[in-house]
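>>> sharing a sequence plus its predicted fold:
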Amino acid sequence: MKYLRLIARNAARNKRRAVLTVLSIAVAIATICVLQTIVVAFNQGVEFSDDARLVTRNATSLIFPLPYSYRSRLAAMPGVRSVSIGNWFSGVYQDKKNFFAKFAVEIDTYFGMYPEFYVPPDEFAAVLADRQGCIIGRKLAQKYGFKIGDTIPVMGDIFPGDWEFNVRAIYEGRKPSADETAMFFHWKYLDESQPKQSQGQVGWYLVQIEDPDQAGRVAKMVDAEFENSAEQTLTETERAFNLGFVKMMGNIEKLVRAIGSAVVFAILLVAANTIAMAARERTTEVAILKTIGFQGPLIGSLVLAEALLLTMVGWGIGTGVSWLLCEGVERAFPTFFPVFPLKSATVAASLVVALATGAFAGLLPALRAARTTIVAALRQVA
């Protein structure tokens, strides 16, 4: 600790270079954190999944429906605890820019499968009593100013017409990964509004099973049950189902990390070279320190500590900036990034990168300073 002041003064001797070095490292760290958070955000649906929930859809494609008559057969299968249904609704609220997910579901059974969502009991009862009632997420309500009792007009596209939904409940997530930007309404309201020939069609079934370890067996049993039906099924865990949506976007994770790695490597290389340059410029000081009795290992440690100090300051600024950016993105784009968390694992990884950069930048200059003799150092200056 007694050398801390010396280390700090040496690190900040050339203030302009020290500031630029710290800012370079901060930019690199912020880039690492934000890019990794993007990857995490795209996988939030996968993290939110429960292995006790299966999704049964049309084997041909998700865009093709399944008959409502499958519901009773699914519920009668061994190992199945409960069954619910869902439909993607789409639709436009006021403007196409106002996008948020809208699902037609069986309210009572659907929310019974999701303890991750909390709905006040009195509000939940009000939704069940209103055929046009809907439940919206807390963040969705905050973004558009919706409150209990409001009516949300929606212009249908997949299901044409002018629709109105009464806000009867606002749900909150019990988990940080819970999406609070969706709207859920009664599937029967959607079904009864369709032409008679289009009624009784379901987008997908949500199947809750007794034992998550039996997910594979139950999924095979479900698909075998409807193997010879006109509409065959494909059943998979909720995790696999959500992962399929992520894969539809291409290998975005590899792309983001490749771009981020290239940018970060270039920035950190420049920062490391700058730190090494600062150490080389103090050859005279090394000779003087050795002359007055400083040992080589101590001098090398001081040089290495200067490099680590600069990188740690940059890391602190970078993580602070990235936290502000993540908070800003989540507030500015709650529909596209309902959950945009800066994970502790991401911060820890960025710390490892910062420490590695400081060690890489300071190790060789530290070894050179420790091993250089007084005569050699003075000869180099001369």
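Structure's in. What do you need?

>>> look up which residues are beta-bridged to Ile152.
Phe165 (DSSP bridges).

>>> in this structure it contacts Phe146, no?
Yes: contact criterion Cβ atoms under 8 Å: Ile152 and Phe146 qualify, at 6.8 Å. In this view, the C-beta of every residue, glycine as well, is placed from N, C-alpha and C.

>>> quick one: common contacting residues for those two?
136, 167 (Cβ atoms under 8 Å, 6 or more residues apart in numbering).

>>> for this structure, just list every one of the strands.
53-58, 66-67, 80-88, 102-105, 117-118, 133-137, 151-156, 161-173, 183-186, 201-202, 204-209, 233-237 (DSSP state E).

>>> just give the nearest non-adjacent residue to Arg81, would you?
Gln208 (4.6 Å; Cβ to Cβ, 6 or more residues apart in numbering).

>>> which residues touch the one you found?
Per Cβ under 8 Å, 6+ apart, neighbours of Gln208: 52-54, 80-84, 113.

>>> put the buried members of the residues you listed into a ChimeraX selection.
In ChimeraX, a selection of the buried entries from the contacts of Gln208 looks like this (16 or more other Cβ atoms under 10 Å):
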select :52,53,54,80,82,83,84,113
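
>>> as JSON lines, the contacts of Gln208 with pLDDT would be great.
Output for the contacts of Gln208, formatted as JSON lines (pLDDT from 0 to 100):
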{"residue": "Ala52", "pLDDT": "88"}
{"residue": "Arg53", "pLDDT": "92"}
{"residue": "Leu54", "pLDDT": "94"}
{"residue": "Val80", "pLDDT": "94"}
{"residue": "Arg81", "pLDDT": "93"}
{"residue": "Ser82", "pLDDT": "94"}
{"residue": "Val83", "pLDDT": "96"}
{"residue": "Ser84", "pLDDT": "96"}
{"residue": "Met113", "pLDDT": "92"}
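
>>> now for the longest helix seen in the chain, which elements pack on it?
Assignment by DSSP state H gives helix 296-332 as the longest helix of the chain. Of the remaining helices and strands, those touching helix 296-332 by 3 or more Cβ pairs under 8 Å, 6 or more residues apart in numbering; DSSP states H and E are helix 4-11, helix 15-42, helix 252-280, helix 283-291, helix 344-371.

>>> how big is the angle separating the second one from helix 4-11?
Spelled out, that is helix 15-42. 100 degrees (axes from the mean of the first three to the mean of the last three Cα atoms, to 10 degrees).

>>> what packs against helix 15-42?
Using 3+ Cβ pairs under 8 Å, 6+ apart: helix 15-42 touches helix 252-280, helix 296-332, helix 344-371.

>>> columns mean pLDDT on top of these, output as CSV?
What follows is the helices and strands packed on helix 15-42, written out as CSV (pLDDT from 0 to 100):
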stretch, mean pLDDT
helix 252-280, 73
helix 296-332, 83
helix 344-371, 80
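
>>> tell me which of those helices sits nearest to Lys97.
Proximity to Lys97 (Cβ to Cβ) singles out helix 296-332 among those, at 13.2 Å.

>>> okay, now Ala361: neighbour count?
29 (other Cβ atoms under 10 Å).

>>> domains of the chain?
4-44+251-381, 53-210 (automatic domain parsing).

>>> for Phe159, see how far away the residue nearest to Arg81 is.
Distance, Gln208 to Phe159, by Cβ to Cβ, to the nearest Å: 27 Å.

>>> surely Thr319 touches Ala348?
No: counting by Cβ under 8 Å, Ala348 is not a contact partner of Thr319; they are 10.3 Å apart.

>>> give me every residue that touches the closest residue to Ile29 other than its chain neighbours.
Take Ile29 and drop its neighbours on the chain: the residue closest to it by Cβ to Cβ, 6+ apart is Gly318, 2.8 Å away. Shown in contact with Gly318 (Cβ under 8 Å, 6+ apart): 25-30, 32-33, 350, 354.

>>> these two touch, right, Val22 and Met312?
No: applying Cβ under 8 Å as the test, Val22 and Met312 come out as separate, 9.5 Å apart.

>>> please identify which of those two sits among more neighbours.
Shown here are Val22 and Met312; by other Cβ under 10 Å, Val22 has more neighbours (23 against 16).
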